[in-house]
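Enquirer: I'd like to go over a predicted model; first the sequence, then the structure.
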Amino acid sequence: MNDSPYTLPWRWLTTRFHQWADQRTPRASIIQLNQRRIYIVPTGSGFFWLSMVLVIFLVAVNYSNSLAYGLCFFMLSLFLLSILHTWRNLAGITLVAKGAEAGHAGELIPVTIDCLRERRPRYSIAIGWPETESTLVSFGNDIEQRLVAQAGSRGWFRPGRMRIESIYPLGLCRAWSWVRLDFHSVVYPAPDDSYPLPENDIADDGEHSLTASGFDDFAGFRGYQETDNPAHVFWKGYARIGELLTKRFDQPSGRELWFSLGQVPDGDIEHRLSVLTAWCLQCDKQQYAYGLVLAGQKLAPSTGEAHLKQCLEMLALYELDGEMARSGGVNG
């Protein structure tokens with residue numbers, strides 16, 4: 001979709017403003033909202049309020065009406081007080097990135113943020129990211145708030161600018177701030193289930209990668225999955241009962257699965273990492289021992305949640321040096 005010529009200046013100004021704001025407020029795990037971080041403008045209701053003040057002032061000047069003067073100055077005073085109290089509702093709040101769950105690229109990742117009130121209660125504050133729904137909170141004490149953020153590409157989890165805003169107390173002004181919190185979490189590649197587990201292939205380092213479903217020990221049936229090997233589908237049963245079932249075989253003792261990029265036949269590096277991610281998840285689900293070989297790094301075959309986490313982190317940070325990873329990797 002092409003941008004309208006009328007929207008290009010606005011997009012340019014928005015981009016420049018965000019760049020300027022990012023320079024003033026670098027990413028951190030603990031951020032306190034102060035005068036450098038808080039911006040305030042009238043809301044739509046605020047502009048209407050000011051226009052009414054102007055109309056009443058013109059009437060007062062034209063008719064030399066003292067009551068109109070008094071109403072005009074009273075309304076203007078309320079607006080000025082609204083600026084102060086709306087700003088104070090955000091000023092001094094400290095946001096602490098307490099943690100984020102690991103997840104896959106493109107998913108909504110739950111995050112936990114501590115909101116520290118700094119002496120006074122806070123009311124009607126909206127917190128969230130532009131691509132997700134904001135949460136409205138009021139707190140008289142320090143609270144722990146659960147939110148969700150959109151994960152970008154694989155790498156270190158660096159969500160974009162989080163917006164915190166308030167129009168309390170009168171709704172005439174909007175105070176807001178953009179903050180970039182550092183959660184120190186990892187975004188795994190999105191799994192790609194388009195390829196079945198490799199059978200009797202050779203990994204890059206010469207290790208044999210054997211199928212996770214061996215043919216030696218039949219162990220029963222399970223529901224059919226799209227990634228199942230067609231040779232394992234119980235076609236005769238489908239003809240009788242109309243339901244697709246897959247034959248399940250126990251993994252023979254001593255056999256181990258080795259995965260590497262060379263086993264994925266085509267696609268760019270991101271696609272291959274996504275396929276390897278799916279294979280690791282499949283093996284973990286079926287409790288098969290599996291290992292991973294990536295660019296000189298090697299994880300011996302094993303099972304369990306800790307081993308799966310090691311494999312997924314290796315895939316997530318593949319070819320991301322420390323400096324790039326800490327600045328956001330391919331997340332940006």
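Expert: Yep, that arrived. Numbers count the residues shown, from 1 in each chain.
Enquirer: Tell me the helix or strand right after the longest helix belonging to the chain.
Expert: Longest helix in the chain, counting residues (DSSP state H): helix 66-90. Beyond helix 66-90 in the direction of the C-terminus, DSSP states H and E gives the next helix or strand as strand 94-100.
Enquirer: partners of the helix or strand following that next one in the sheet?
Expert: With elements assigned by DSSP H and E, the helix or strand that comes after strand 94-100 is strand 103-104. When pairing is defined by DSSP bridges, strand 103-104 lines up against strand 186-188 (parallel).
Enquirer: before we move on, back to that, report the rounded mean pLDDT for the longest helix of the chain.
Expert: Mean per-residue pLDDT for helix 66-90: 95.
Enquirer: Around W156, how many other residues sit close by?
Expert: The number of residues packed near W156 is 21, by other Cβ atoms under 10 Å. Heads up, the C-betas are built off the backbone N, CA and C, glycines and all.
Enquirer: List the beta-bridge partners for it.
Expert: According to DSSP bridges, the partner residues bridging W156 are V186.
Enquirer: now it: how far from A102?
Expert: Using Cβ to Cβ, to the nearest Å, one gets 11 Å for the distance from W156 to A102.
Enquirer: Common neighbours of the two, please.
Expert: Residues within reach of W156 and of A102 at once, by Cβ atoms under 8 Å, 6 or more residues apart in numbering, are S185, V186, V187.
Enquirer: Verify the stated contact: the last one with F157.
Expert: In other words, V187. Yes. Using Cβ atoms under 8 Å, V187 makes contact with F157 at a distance of 4.9 Å.
Enquirer: who's more crowded, those two?
Expert: When V187 is set against F157 and neighbours are counted by other Cβ under 10 Å, the residue ahead is V187, at 28 against 25.
Enquirer: in this structure, which spans are helices?
Expert: For the chain, the helices defined by DSSP H cover 8-24, 44-63, 66-90, 235-241, 269-286, 305-316, 322-326.
Enquirer: Against which helices or strands is the second one packed?
Expert: Contact here means 3 or more Cβ pairs under 8 Å, 6 or more residues apart in numbering; DSSP states H and E; on that basis helix 44-63 packs against helix 66-90.
Enquirer: Tell me the one of the shared contacts of W156 and A102 nearest A151?
Expert: Taking Cβ to Cβ as the measure, A151 sits nearest to V187 out of those, at 4.7 Å.
Enquirer: and that closest one, what does it touch?
Expert: The neighbours of V187, taking Cβ under 8 Å, 6+ apart as the test, are 102-105, 109, 151-157, 316, 329, 331.
Enquirer: Can you turn the buried part of those into a ChimeraX selection?
Expert: Below is the selection syntax for ChimeraX that covers the buried ones among the contacts of V187, with 16 or more other Cβ atoms under 10 Å defining burial:
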select :102,103,104,105,109,151,152,153,154,155,156,157,316,329,331
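Enquirer: With respect to pLDDT, which of the contacts of V187 ranks lowest?
Expert: pLDDT across those is at its lowest for G329, which sits at 42.
Enquirer: Now L170. Nearest residue, chain neighbours left out?
Expert: When the adjacent residues along the chain are set aside, L170 lies closest to S82, with 4.6 Å between them (Cβ to Cβ, 6 or more residues apart in numbering).
Enquirer: swap that for E256, please
Expert: In this structure, E256 finds its nearest non-sequential neighbour in P301, 3.9 Å apart by Cβ to Cβ, 6+ apart.
Enquirer: ok, now which ones touch the closest residue to G99 other than its chain neighbours?
Expert: Residue nearest to G99 in three dimensions, not counting chain neighbours: T112, with 5.1 Å by Cβ to Cβ, 6+ apart. When the contact criterion is Cβ under 8 Å, 6+ apart, the partners of T112 are K98, G99, A100, E144, Q145, R146, L147.
Enquirer: Redo those as CSV? Include pLDDT and neighbour count.
Expert: Formatted as CSV, the entries for the contacts of T112 read as follows, by pLDDT from 0 to 100; neighbours: other Cβ atoms under 10 Å:
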residue, pLDDT, neighbour count
K98, 90, 15
G99, 86, 13
A100, 89, 24
E144, 92, 10
Q145, 92, 16
R146, 93, 10
L147, 92, 21
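Enquirer: Output those residues in TSV, with distance to Y224 appended to each entry.
Expert: Formatted as TSV, the contacts of T112 follow (distance: Cβ to Cβ, whole Å):
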residue	distance to Y224
K98	42
G99	38
A100	35
E144	43
Q145	43
R146	37
L147	38
